[in-house]
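Colleague: sequence first, then the predicted structure, then my questions.
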Amino acid sequence: MKRVQGGWVVGEGNDGGERVIDFAVAFNLPMINTFFEKMINRLITYSSGGMESQIDLLLSKRDHLTEVRNCKVINGENVAAQHGLVVIVCILRNCRSKKTRMDPKIKQWKLKEAELRVLFKESAGSIRLNKENLRTEFEIGLPNEAVNIGVTRKEVEQAVKKMKNSKASGLDNIPAEIWKSLGEEGIDIGWELMQKIFNQEKILEEWRGSLIIPIYKGNGDTQKCGNYRGIKIISHTMKIWEKIIE
């Protein structure tokens, strides 16, 4: 509770106050009123029939607590009957947006001769190619008429080398270290499998399943599913295929 409630409080606790504290603890929201040392009359937010208490509380995200410089109650300014006005003084961080970098303009008007300006406008509308960089023209063909060489052995070898060790395995329980330990024989096995998938244009049925592990975000109630994010663990063999087709 000390994480969300400072030492400057007034009055006795009740059921309503306990619910506010539970809410603040669950979502890690500090109660700003209680973190600043003030006289009693600067802490009291409610007064009625001789009973005084601190029931109007300001909550904020912990990241914003460093921006708050002061918090107090202004006496004599009643926002509502029997309640005092609670104000805070804060310094906001610099939130200026970054300027978009614009492409520099071509200052064609600085060309002194009129003929040069006309020639520049005519040539600037299209890409000018010299003899060393001629445009290659291709015949118009039907879709998917390009020649595909398939998956090469070198691509499989490079994909295996890029795999990271000590990573969780998928449903097939084959870690990345197994592929690396097989050496040249493992490259041949993987190459044959990848060529088969490429030619059939269909992935393995085992790859359609994956393992999802919930990871707690670190904030909020641990009993709520919304405070978790799912980590999807797929097969390392499928990762080899993904690296090849990238």
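Modeller: Perfect, thanks for sending it.
Colleague: the bottom helix or strand of the chain by mean pLDDT?
Modeller: When each helix and strand of the chain is scored by mean pLDDT, DSSP states H and E, helix 114-124 comes last, with a mean of 72.
Colleague: mind listing what's buried along the very next helix or strand once past it?
Modeller: Sequence order places helix 153-162 as the next helix or strand after helix 114-124, per DSSP states H and E. Using 16 or more other CB atoms under 10 Å as the test for burial, helix 153-162 gives 155-157, 159-160. Any C-beta I mention is one placed from the backbone N, CA and C, and that applies to glycine too.
Colleague: got the phi/psi numbers for residue 170?
Modeller: Dihedral angles of residue 170 (phi, psi; degrees, to the nearest 10) stand at phi -80, psi -160.
Colleague: how does the protein divide into domains?
Modeller: Domain ranges of the chain: 15-90, 153-245, per automatic domain parsing.
Colleague: lowest mean pLDDT across those domains, which one is that?
Modeller: Among these, domain 15-90 carries the lowest mean pLDDT, at a mean of 81.
Colleague: so the residue nearest in space to the middle of the chain, which state does it fall into?
Modeller: In the chain, the centroid-proximal residue (CA atoms, centre = their mean) is residue 229; its distance is 12.1 Å. Following DSSP: H, G, I helix; E, B strand; the rest coil, residue 229 is assigned to strand.
Colleague: nearest spatial neighbour of residue 225, skipping sequence neighbours?
Modeller: Setting aside the residues directly before and after it, residue 225 is nearest to residue 214 in space (CB to CB, 6 or more residues apart in numbering), at 7.8 Å.
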